[in-house]
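Chemist: Predicted structure and sequence below. I'll ask about it afterward.
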Amino acid sequence: MNKTETPLISIITPVYKAEKYLGETIRSVKEQTYENWELILVNDQSPDNSRDLILSFAEEDSRIRLIDLEENSGAAVARNTAINAANGRYLAFLDSDDQWHPEKLEKQLEFMQKNKISFSFTGYEIIEQDGNKTGKIVQVPEKINYNQLLKNTIIGCLTVMLDKDKIERVQMVNIRTRQDLVLWLDILKQGHTAYGINESLAYYRKVEGSISSNKLKAAKQNWKVYRDIEKLSLPKALIAFAGYAYNGYKKN
């Protein structure tokens, strides 16, 4: 790639009680073969040593930025804060306990530029809390639209890349969880299609006790998304929820 083909990618990372895994997450960004990125870490008033850890990395690498929130506000506010501070044309999302394959950004950007895509996502591998590989790889479809995503919430936040020049608005609704799903649905409602790279380019850490690990709570939140945010009729919500449950069972 020449300079005109190497736009800045802004990486969005909310941070709360993350010190145990955050170093591995940041190192996976530093090891990217694509080097024109900025990592924006938003400290959501984390009570541990996450902030000091971020500062130690930032001292060594000017591409790493720390933003402190004045009060604990949740992942949606933290992500929106980073999005609003981003200088890059492209946005990529990475949570503070997950990791990327070294070629993730390079392969995904090349895919998006070659095919003039505004929204892409990739496959990913699930790893145990201690980092050991499970061998479980989440396969993704070639593309997905709004109605398909309602029934199959296959897009992993840690794999998404967006082109801000082509997407009208990128803001997450302020809910406790599933705010990423709501954003993807909103973008698809704007008329975009999400395109998948069916290759494992990220590692999703399965952390005990996390919000995403509680399947019942996740199911309840999905139902709230269908009814309260997307305003689906009861029949449409039931159909979407049945698809969500079926595809979730297949994935796990």
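Modeler: On my side now, so go ahead.
Chemist: quick check: mean pLDDT across the lengthiest strand in the chain?
Modeler: Secondary structure of the chain per DSSP state E: the longest strand is strand 194-205. Averaged across strand 194-205, pLDDT comes to 97.
Chemist: just stretch 133-142 next, same as before
Modeler: The average pLDDT within stretch 133-142 is 94.
Chemist: Tell me how far the longest strand of the chain lies from the chain's centre.
Modeler: The chain centre lies 11 Å from the centre of strand 194-205; the measure is Cα atoms, centre = their mean, to the nearest Å.
Chemist: what's downstream of it, the next helix or strand?
Modeler: helix 215-224 (DSSP states H and E).
Chemist: Just list what that following helix packs against, helices and strands only.
Modeler: helix 234-251 (3 or more Cβ pairs under 8 Å, 6 or more residues apart in numbering; DSSP states H and E). Bear in mind the C-beta positions are built from the backbone N, C-alpha and C, glycine included.
Chemist: Next, the angle from the helix it packs on to helix 215-224.
Modeler: 150 degrees (axes from the mean of the first three to the mean of the last three Cα atoms, to 10 degrees).
Chemist: If you count contacts, what does helix 234-251 end up packed against?
Modeler: Applying 3+ Cβ pairs under 8 Å, 6+ apart, we find helix 234-251 packed against helix 146-151, helix 215-224.
Chemist: Just say which of those helices is most tucked in.
Modeler: Among the helices and strands packed on helix 234-251, helix 146-151 has the highest mean neighbour count (mean count of other Cβ atoms under 10 Å), at a mean of 18.
Chemist: next structured bit after that one?
Modeler: That would be, after helix 146-151 and using DSSP H and E, strand 161-163.
Chemist: Can you list the strands that that following strand pairs with?
Modeler: strand 90-93 (antiparallel), strand 119-127 (antiparallel) (DSSP bridges).
Chemist: So what touches it?
Modeler: 9, 89-92, 105, 108-109, 112, 117-121, 170, 187 (Cβ atoms under 8 Å, 6 or more residues apart in numbering).
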